[in-house]
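[1] Take this sequence and fold it.
(chains A and B)
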Amino acid sequence: MPEIIEAAVRNAFPDAVLDSFEIDGVLNIKLNPSLLVSVCELLRSGESLAFDYLADITAIDWQDRIEVVYRLTSLASNAKVVLRVDLDRENPKVDSLTGVWKGAEWQEREVYDLMGVKFLGHPDLRRILLPEDWEGHPLRKDYVIPD
Amino acid sequence: MSSRIRTEFVEINMGPQHPSTHGVLRLEVVLDGEVIVDVKPDVGYLHRGIEKLAEMRTYIQFIPITDRLDYLSSMLQNAAYVGAVEKLGQIEVPERAEYIRVIMMELNRIASHLIFYGAMGLDLGATTPFLYGMREREDILDLFEMTCGARLTYNYFRPGGVMADLPAGFYQKAKAYIKKQRERLAEYDDLLTNNQIFIARTRGVGVISAEEAINYSMSGPTLRGSGVAYDVRKADPYSVYDKLDWDIAVRTEGDTLARYLVRMQEIRESLKIIEQALDMMPPGKLQYKTPLRLKLPEGEVYHHIESSRGDLGVYLVSDGTDKPYRLRWRSPSFINLGALSRMAKGWKVADLVAILGSLDIVLGEVDR
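    Predicted coordinates for the structure are as follows:
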């Protein structure tokens, strides 16, 4: 199954896949951030591999970059795939997936709030858990916890 | 001269202190008369930054914090986190401990659904169901208390097992509880499920289709109420769920009543699971070892379980030390609440209370 998914992505977008590996038998694809939305549209609507369910969006601060991790599931076949994009830590931004999945709206707001990633094209990108006037993004590794 | 009366939208706040919001949740509601034009949930009042707290605690020290997320099903919170630690650390769990875990998780699921049953009644103006639900929940809390000493925040799961074996007399008490609960479920149905007013307030209200529910990443009884038979216990079986015989509760209507009925059916299914687990549990002493200072190998793991509220995921990234490098809590309450606006538009304020009640959120888990 992982081979089929990866081949489908590579066929449609030859420049999209930067790296791929498996973790616990689940295919992880490191994507070219500019093709993220196109790849997600392909994976969501594909006939043999309809990844209809956006299970999770989160981000990791690796101190030299911010990595955003998207976890997709196909509810019909229970196949899974993880998409990852590396972003510039100083100005992390990536296209929003709200046009593909409504479920991305709140999850992207959370990643913006706590990790400071800007999602371009998000209809309502505001802080969600912290107050509007909060400074900084607490899940960054260099965040100083206020007294 | 026009005789038309000029009308305008009214914005009102529901909460953050309001009995129907089930905790500290504020809803910014825009109304056209009594009809909802828009709802914006404002969350975060209970945000404690647990994902950051995790980075400052050892793997074992974080277990009691999980109790404080969805505090109505703390056993399941323990299970999701400890399951992730075990998967990354390749820690084996004795079979007896797995059965004990399943018993605890399903008892806790029932306890949570009993609160839902009571709160749903309260939200719609019926006080009695709450008293009934709380009465039976008390029996479950007694079972928890005799096992681990706590009635709400259990801190019971450990990497490799559980804090303590079942105490003497647990088996008989649990069996007696199952028998009693089955009888009482008939009473619940008489009181609320078959109540004409309750049905009128919930049937056809706040409908969300399967396609939309999936699009909004909903999970748990709210997704199964829309006809999607997705349950992590069946989809990605963990612990010993694959050895037990039970069915996924699912309804196709997608309305508030369907979400209620799914949970009532889940109580029955959970009773079936507990009954089997009690009899299938291997006897003997519970022995296992967990180092107090647990270090996990470098790498990452994603472990998810079916909590009372849905697909609860723990994403753990380790840099090889005794503390997580990054921990992500995929909270089903938070994600389900994201669909409230879509579900409530066009309905009346009184229906908003019913629809929100049917999502069965816990703010500790929404805000984390």
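
[2] drop to CA atoms for contacts and neighbour counts, all remaining ones
    OK.

[3] what's the helix or strand for residue 27?
    Here I'm looking at chain A. According to DSSP states H and E, A:Leu27 maps onto strand A:26-31.

[4] My question was about chain B, not that one.
    Element membership of B:Leu27 [criterion: DSSP H and E] is strand B:26-32.

[5] any idea of the mean pLDDT in the helix or strand following that strand?
    Next in sequence after strand B:26-32, counting helices and strands by DSSP H and E, comes strand B:35-42. Average pLDDT, strand B:35-42: 93.

[6] Show me what the strand holding A:Leu27 packs onto, helices and strands only.
    With contacts defined as 3 or more Cα pairs under 8 Å, 6 or more residues apart in numbering or on different chains; DSSP states H and E, strand A:26-31 has these neighbours: helix A:2-12, strand A:17-23, strand A:80-87.

[7] so what strands line up beside the last one?
    So that's strand A:80-87. Paired neighbours of strand A:80-87 in the sheet (DSSP bridges): strand A:26-31 (parallel), strand A:66-73 (antiparallel).

[8] one step back: return the most buried member of the helices and strands packed on strand A:26-31.
    Ranked by mean neighbour count, those are led by strand A:80-87 with a mean of 21 (mean count of other Cα atoms under 10 Å in any protein chain shown).

[9] and the next helix or strand after it, how far out from the chain's middle?
    As assigned by DSSP H and E, the chain's next helix or strand after strand A:80-87 is strand A:93-95. Here strand A:93-95 is found 9 Å from its chain centre; the criterion is Cα atoms, centre = their mean, to the nearest Å.

[10] for stretch A:91-107, same thing?
    On the basis of Cα atoms, centre = their mean, stretch A:91-107 sits 8 Å off its chain's mean C-alpha point.

[11] Next: stretch B:121-128.
    Chain-centre distance of stretch B:121-128: 20 Å, with Cα atoms, centre = their mean.

[12] Just the CA atoms of the strand holding A:Leu27, as CSV, please.
    What follows is strand A:26-31, C-alpha atoms only, in CSV (Å, rounded to 0.1, in the frame of the first residue of the first chain):
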residue,chain,number,x,y,z
VAL,A,26,2.9,4.1,8.0
LEU,A,27,4.2,6.0,5.0
ASN,A,28,5.7,9.4,5.8
ILE,A,29,6.2,11.8,2.9
LYS,A,30,8.3,14.9,3.1
LEU,A,31,6.7,17.3,0.7
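
[13] Name the residues of that strand that are buried.
    For strand A:26-31, a neighbour-count test (16 or more other Cα atoms under 10 Å in any protein chain shown) marks A:27-31 as buried.

[14] Could you dump the helices and strands packed on strand A:26-31 into JSON lines with mean pLDDT added?
    Listed next are these as JSON lines, based on pLDDT from 0 to 100:
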{"stretch": "helix A:2-12", "mean pLDDT": "82"}
{"stretch": "strand A:17-23", "mean pLDDT": "89"}
{"stretch": "strand A:80-87", "mean pLDDT": "94"}
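
[15] Make a markdown table from those and add distance to B:Glu34 to it.
    Below are the helices and strands packed on strand A:26-31 laid out as a markdown table (distance: least, Cα to Cα, whole Å):
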| stretch | distance to B:Glu34 |
| --- | --- |
| helix A:2-12 | 49 |
| strand A:17-23 | 51 |
| strand A:80-87 | 44 |
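
[16] how about those, which one is nearest B:Leu124?
    For B:Leu124, the closest of the helices and strands packed on strand A:26-31 is strand A:80-87, at 40.0 Å, according to Cα to Cα.

[17] how big is the angle separating that closest one from helix A:2-12?
    Our comparison of strand A:80-87 with helix A:2-12, counting by axes from the mean of the first three to the mean of the last three Cα atoms, to 10 degrees, yields an angle of 50 degrees.

[18] Contacts for strand A:80-87 next, please.
    Strand A:80-87 has contacts (Cα atoms under 8 Å, 6 or more residues apart in numbering or on different chains) with A:2, A:26-33, A:51, A:65-74, A:93-94.

[19] again, only using 6 Å
    Under the contact criterion Cα atoms under 6 Å, 6 or more residues apart in numbering or on different chains, strand A:80-87 has outside partners A:27-31, A:33, A:65-73.
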